[in-house]
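Engineer: Return a 3D structure for these sequence lines:
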Amino acid sequence: MSLEEGCRVAVSTCMGVTEEDRAIVVADEGSQSIGKKLKEILREITPHVRYFNLDIYGERPLSRLPDSIKSAAMDATVSFWTAAAVEGELETVRGPFLKAAVFDGRLAHMVNITEEIVEKALTGDYDRVEKFTKDFHAMVQGAEKIKVRTDRGTDLTAEVGKYKWVATTGILRDNGSWHNLPDGMVYTVPQSMEGTAVIDGTLGDYFEDIYSISQLEETPLVIEVEDGSPPTAGEIECDNEDIKADIEEYLSRHRCSSFVGELGFGTNPYIEELMGSMLVDEKSPGFHIAFGDPNQDMTMASWTCSEHIDMVIQGCDVWIDDKKVMEKGDYLIY
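Structural biologist: Numbering: from 1, shown residues only. Presented below is the predicted three-dimensional model:
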């Protein structure tokens, strides 16, 4: 499949853009080809399209969201963000942009998107993605306990039900909301969790550009999760001292940085392998955990945080209450 086909799926199928929409695209130098293709397709549908290259506003990370972008986002009814995640911009740029974009519109958050991701992960049948995601979301309603095990040593038990389960299907029509693209995910925030998480997949935020999947496979990151209110990352071990030091620093920036802010399931069957980008990999069939911000507006969790880092665990066996729903990373319930 092609870049153009993937961008058309994003614009027409996922976001449902019409001639009445006012659109904005925010790209950077690394995502110009995608941003400009989105702009081209949008202008076939609506004359109201504005395009910004974030890199022209100064050296990254930017200390604030430029006023012109903020104003355009607040006026837009549909927004696309394709710029890369840069350390230090989550709170100063991406967070404020998200709030502006959903003020009177809907946002496709495509951070760290690449042409390969568009071509491989945005060209599936999103009606099928939506159906399975909604079915899985319906199944976990009322669940009380999640157990996750792997051959490499992951052994987690979580209690759920206090906070909302959220389904993101890849189809977004409602203003005042946003989702990542590619999409297909069901997640919540555990009110309790304890055990061992052995991270051997993708590290999120800006670490995906620093540490590869192969490095995590060779030297997994081991995090002891200590129960509490909320549950918290405790002792951290990794034979790669750089990974260990970086994650220890990240999770200690604020008290909330070490809180378990998410447990999630990827529900997009068209993403057949990890690609080293959390934008995609948390949507591939499997399990992930995150520390930091719990996306309070969606989950109704009781805190916010300026950090959020997702971590993919490969080859999981998962039980929801007493029902086994996943074996070695493959769903048993399609």
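Engineer: In the protein, what residue spans correspond to helices?
Structural biologist: 3-8, 32-45, 67-75, 89, 95-101, 115-121, 126-140, 213-218, 241-251, 278-281, 296-299 (DSSP state H).
Engineer: list the buried ones in the last one?
Structural biologist: What it means is helix 296-299. 298-299 (16 or more other Cβ atoms under 10 Å). Quick note: C-beta positions are derived from backbone N, CA and C, even for glycine.
Engineer: and the helices of the chain as JSON lines, adding distance to Leu181 and mean pLDDT?
Structural biologist: Conversion of the helices of the chain to JSON lines gives the following (distance: least, Cβ to Cβ, whole Å; pLDDT from 0 to 100):
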{"stretch": "helix 3-8", "distance to Leu181": "9", "mean pLDDT": "95"}
{"stretch": "helix 32-45", "distance to Leu181": "11", "mean pLDDT": "98"}
{"stretch": "helix 67-75", "distance to Leu181": "17", "mean pLDDT": "98"}
{"stretch": "helix 89", "distance to Leu181": "19", "mean pLDDT": "92"}
{"stretch": "helix 95-101", "distance to Leu181": "13", "mean pLDDT": "96"}
{"stretch": "helix 115-121", "distance to Leu181": "9", "mean pLDDT": "92"}
{"stretch": "helix 126-140", "distance to Leu181": "10", "mean pLDDT": "95"}
{"stretch": "helix 213-218", "distance to Leu181": "21", "mean pLDDT": "98"}
{"stretch": "helix 241-251", "distance to Leu181": "25", "mean pLDDT": "98"}
{"stretch": "helix 278-281", "distance to Leu181": "8", "mean pLDDT": "92"}
{"stretch": "helix 296-299", "distance to Leu181": "16", "mean pLDDT": "92"}
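Engineer: between those, which gets nearest to Asp310?
Structural biologist: Among those, the nearest to Asp310 by Cβ to Cβ is helix 278-281 (5.1 Å).
Engineer: which secondary structure elements does that closest one contact?
Structural biologist: The helices and strands touching helix 278-281, judged by 3 or more Cβ pairs under 8 Å, 6 or more residues apart in numbering; DSSP states H and E, are helix 115-121, strand 308-313.
Engineer: Measure how buried the closest residue to Asp317 other than its chain neighbours is and give me the count.
Structural biologist: Computed as Cβ to Cβ, 6 or more residues apart in numbering, the closest residue to Asp317 that is not its neighbour in sequence is Arg149, at 4.7 Å. By other Cβ atoms under 10 Å, the residues close to Arg149 number 17.
Engineer: Kindly report the same for Phe103.
Structural biologist: Neighbours of Phe103 using other Cβ under 10 Å come to 14.
Engineer: So which of the helices and strands packed on helix 278-281 is the most surrounded?
Structural biologist: strand 308-313 (a mean of 24; mean count of other Cβ atoms under 10 Å).
Engineer: can you give me the strands in the stretch 101-250 of the chain?
Structural biologist: Counting by DSSP state E, counting those that start in this stretch, one finds strands in the stretch 101-250 of the chain at the ranges 106-109, 145-149, 155-159, 166-168, 177-180, 185-188, 192-199, 221-226, 232-237.
Engineer: want to try CSV for the ones you listed, with mean pLDDT as columns?
Structural biologist: Formatted as CSV, these follow (pLDDT from 0 to 100):
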stretch, mean pLDDT
strand 106-109, 97
strand 145-149, 98
strand 155-159, 98
strand 166-168, 95
strand 177-180, 90
strand 185-188, 98
strand 192-199, 98
strand 221-226, 98
strand 232-237, 98
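Engineer: Any idea how many residues pack against the nearest residue to Pro61 once chain neighbours are set aside?
Structural biologist: Closest residue to Pro61 apart from its sequence neighbours, by Cβ to Cβ, 6+ apart: Gly88 at 3.7 Å. Neighbour count of Gly88, defined by other Cβ under 10 Å: 14.
Engineer: Good, wrapping up.
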